[in-house]
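[1] give me coordinates for this.
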Amino acid sequence: MVEEHISSQGVETNSVSESSEATRSSGERAMGRRRGDRLVVASAGLQQAVDLASSLARSTSAVLIEGPEGSGRSHIARAMHGWSQFAGGPMVRFSPKGLSALQQGSELFGSAVSEKTNAFSQASGGTLFLTEVEELDPSLLARLHETLIEDPASTSGSTCRLILSGAPGAGDALVNWPLRRVALAGLNDRPEDILPLAAHFLAEFAEDEGLTAVGFAPDARRCLVEETWSGNVRELRERVKQAVRLSGSGAVSAEALMLSGEGEEVPSFKEAKRAFETRYVESLLRRCAGNISRAARLARKDRKDFYDVIRRTGVDPARFRG
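    Residues are numbered from 1 along each chain as shown. Coordinates of the predicted model:
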């Protein structure tokens, strides 16, 4: 859970107070109390990466997690923090993306002209997770490198564990650094993980919505495996989240996931939008027993505007009344 923001642009604090011992049950490694904190592992490649991360978590060495965007770099970093001797301390996330070199240096290391507490000091006794390391200014990379060589566990007057993450190849600029690497493949390169992850997300979001997770219809399972997941695990998660809201307590279909198998006709944007609106309106009215005012509030829309959407989709609210 995010407890404190150091920077509205780059840094957030996350405390984990789970046991440092990694456990394995039904293809999952526990790292927190919430379902969303579990690591779902099915493929041999991911298993190897998680085993390495678990082993490295017990050291104080700096670690670089490489992988395409959305592949689970942050999830692995949180797991490593939870498994480490620093689990009782804060986990501070810092992203240099979109910041000038001056801002990066000030927020990461501190500045004589600023009273703002820097990221390293905030992470004292815990873990600093420096994301998108390839976006860090070269001069700051050099400063960080020098500090790690001098004392790997002490930076800017604080003692903390450093975990970095970046896109594939981010480590090319860090070849002489005293750190270990964990490589994550994209979801398309480990298809064995797709259905277990989808089932995990389905259970997670159904629980959040107070629904009973029925599962995926056969067409949905087929399309999940056939889809090209350019956004990796993050895209899969968002698709399932959307589908749960559309499907309610029913089985999730390929239509709800906005997926279609090879050879099937792809709907136009207008048709897909209309289908989404219809399923969304039906889902809200079903949950609100046909009460338009309640459904409008859930949709965060004005009642008149929501009624216009109902009329446009042709959905009859009376169908959902007792």
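[2] in the stretch 1-150 of the chain, which spans are helices?
    With helices called from DSSP state H, counting those that start in this stretch, the stretch 1-150 of the chain shows them at 44-57, 73-83, 101-109, 119-122, 138-150.
[3] now for the second one, which elements pack on it?
    Put plainly, it is helix 73-83. strand 39-40, helix 44-57, strand 62-66, strand 90-94, strand 127-130, strand 161-166 (3 or more C-beta pairs under 8 Å, 6 or more residues apart in numbering; DSSP states H and E). Any C-beta I mention is one placed from the backbone N, CA and C, and that applies to glycine too.
[4] and for the second one, what's in contact with it?
    In other words, helix 44-57. Residues outside helix 44-57 that contact it (C-beta atoms under 8 Å, 6 or more residues apart in numbering): 20, 22, 29, 39, 41, 63, 65, 76, 79-81, 83-84, 180, 182-185, 189-190, 192-193.
[5] domain ranges for the protein?
    2-185, 189-320 (automatic domain parsing).
[6] comparing the ones you listed by mean pLDDT, which bottoms out?
    In terms of average pLDDT, domain 2-185 trails the rest of these, at a mean of 80.
[7] and the contacts of stretch 174-183?
    49, 52-53, 56, 59, 61-67, 76, 133, 141, 145, 148-149, 152, 162, 164, 168, 171.
[8] can you say which of those are buried?
    Among those, those classed as buried by 16 or more other C-beta atoms under 10 Å are 49, 52-53, 56, 62-67, 76, 133, 141, 145, 148, 152, 162, 164, 171.
[9] quick one, what contacts residue 320?
    Contacts of residue 320 (C-beta under 8 Å, 6+ apart): 282, 285-286, 288-290.
[10] show me the strands in the stretch 101-250 of the chain, by range?
    For the stretch 101-250 of the chain, applying DSSP state E, counting those that start in this stretch gives strands covering 127-130, 154-155, 158-159, 161-166, 179-183.
[11] can you pull the contacts of residue 278?
    Applying C-beta under 8 Å, 6+ apart, we find residue 278 in contact with 313-315.
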